[in-house]
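# Take this sequence and fold it.
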Amino acid sequence: MRIYLVGGAVRDRLLGRDVADRDFVVVGATPDEMRAAGYRPVGKDFPVFLHPATQEEYALARTERKTGHGYHGFAFHADPSVTLEQDLERRDLTINAMAMDERGELVDPFAGRRDLEQRVLRHVSPAFVEDPVRVLRVARFAARYAPLGFRIADETLALMRRMVDDGEVDHLVAERVWTETRKALGEPAPSAFLRALRACGALRVVFPEVDALYGVPQRAEFHPEVDTGRHIELVLDQAARLAPGDDLVGWCALVHDLGKALTPQDELPRHVMHEQRGREPVRAVSARLKVPAEHAALAELVCRFHLDAHRAFELRPETVLKLLESLDAFRRPERVARFLAACEADKRGRLGLADEPYPQADYLRAAHAAARAIDAAPFVARGITGPKVGDAVRAARIAAIASLERTM
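Next up, the predicted model:
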């Protein structure tokens, strides 16, 4: 039995990054030998075991053979004869196909270290085309490592295009698309995820609503980048900057302007009513990908009300209160910060405006705090009962908001 550290832990150690999770491959062992050594089996499709002390995953070395379409269309083979190189060869990218033995010696049969040094995302073997999830994974790694200067190798991008053209990407299931998208939205440069998918043609397959935004013009005085697709890229990166690792804010940023693809041609480059038009496609894509309920709900709210946030200083106090009530901000106060982060990302996600101030966020936070401070108890103590209590609380909240200084 020989044990190797593999995959992301090796990659990140070589990059000098923190290693969050460690995975191990075991060569030359049987399931019975693993159980006898105290390891607990957990794998369903292939033998994976948990270490008796650390609970880290140890998988038997395996090969795989394609048997059908999609992520589940594989047959796995694991026995003591499978070599470490055979196990590494089935992986997606060379930078993920390295191992370290127990002495810390690097095993690198596919030149992953060279690709790390040259900042290249390159597939390991032609078998890359057999798993459509790899298209999403490469795009996600682009989002993670774009700030370090990584690019997708030309030959890998060509394989990704081939997978799209052959219809393999059509077999991606919603859960896998969402899993990879969610991870990408939590990376430092999620715009690279969109660019990678668009470069190989996969964006129009998995996110046709987003792909439709490219080429849609906006008014240059408000959007110097003009192209709506480019705007979404800028907004995504601003969201990652303002709320690092928060895929909920990232999801809101991704879909907030879907209504602009539905603007009639004779109205362009203006987008009157795009926030209303966008609600249906936001609902549709959230349902199709089976996103979590809060992602779906807040994304629709950002779509509907982001312009109200931008116009916060122009709104009457009662309209500000209605905005907060629409967000359910008094029962779910945590929504306010994320809503405002997405709105600020939208405002800053414009060419040359990345560092523009957004005082609307401070004002709306203050309005929320002032309104939350109003309690029903004093009104009840004065003998007010029934629906009149709610009316009194609302009136007091409006007055509290009206007392705030509005600073542009």
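# Could you use CA atoms for every contact and neighbour count after this?
Noted.
# residues contacting His274?
Asp257, Leu258, Gly259, Lys260, Leu262, Thr263 (CA atoms under 8 Å, 6 or more residues apart in numbering).
# measure it to Pro264 for me?
10 Å (CA to CA, to the nearest Å).
# The stretch 151-300 of the chain: strands as residue ranges?
Taking DSSP state E, counting those that start in this stretch to define them, one finds strands in the stretch 151-300 of the chain at 151-152.
# mind showing which ranges of it have poor pLDDT?
The model of the stretch 151-300 of the chain has no residue with pLDDT under 70.
# any chance you could map the helices in it?
Secondary structure of the stretch 151-300 of the chain by DSSP state H, counting those that start in this stretch: the helices cover 154-165, 174-185, 191-200, 203-206, 208-211, 228-242, 247-255, 274-277, 279-288, 293-310.
# roughly how far apart are Leu268 and Val216?
8 Å.
# More neighbours: which of the two?
Shown here are Leu268 and Val216; by other CA atoms under 10 Å, Val216 has more neighbours (18 against 14).
# show me what contacts the more buried one?
By CA under 8 Å, 6+ apart, the neighbours of Val216 are Asp227, Thr228, Gly229, Lys260, Ala261, Pro269.
# and those residues, which two are the farthest apart?
Gly229 and Pro269 (13.6 Å; CA to CA).
# who has more neighbours, the two?
Neighbours were counted for Gly229 and for Pro269 using other CA under 10 Å; Gly229 has more, 25 against 17.
# and that one, what does it touch?
Per CA under 8 Å, 6+ apart, neighbours of Gly229: Val210, Asp211, Ala212, Leu213, Tyr214, Gly215, Val216.
# Same question for Leu15.
Leu116.
# so how far is Gly112 from it?
Here Leu15 is placed at a distance of 12 Å from Gly112 (CA to CA).
# cool, Pro41 as well?
30 Å.
# So these two - more neighbours on which side?
Between Pro41 and Gly112, counted using other CA under 10 Å, Gly112 has the larger neighbour count: 24 against 19.
# which residues touch the more buried one?
Taking CA under 8 Å, 6+ apart, one finds Leu93, Thr94, Ile95, Asn96, Ala97, Met98 in contact with Gly112.
# Leaving out sequence neighbours, find the closest residue to Gln276.
Arg304 (6.0 Å; CA to CA, 6 or more residues apart in numbering).
# quick one: the one you found and Pro387, what's the gap?
Taking CA to CA, one finds Arg304 at 29 Å from Pro387.
# When those two are compared, which one has more neighbours?
Arg304 (20 against 8).
# pretty sure that one contacts Glu280?
No. Counting by CA atoms under 8 Å, Arg304 stays clear of Glu280, with 10.5 Å between them.
# neighbours of the closest residue to Gly149 other than its chain neighbours, just the number please.
By the measure of CA to CA, 6+ apart, the closest residue to Gly149 outside its immediate chain neighbours is Arg119, 6.1 Å from it. By other CA under 10 Å, 18 other residues sit near Arg119.
# For the stretch 1-150 of the chain, give me the ranges with low pLDDT.
45, 65-76.
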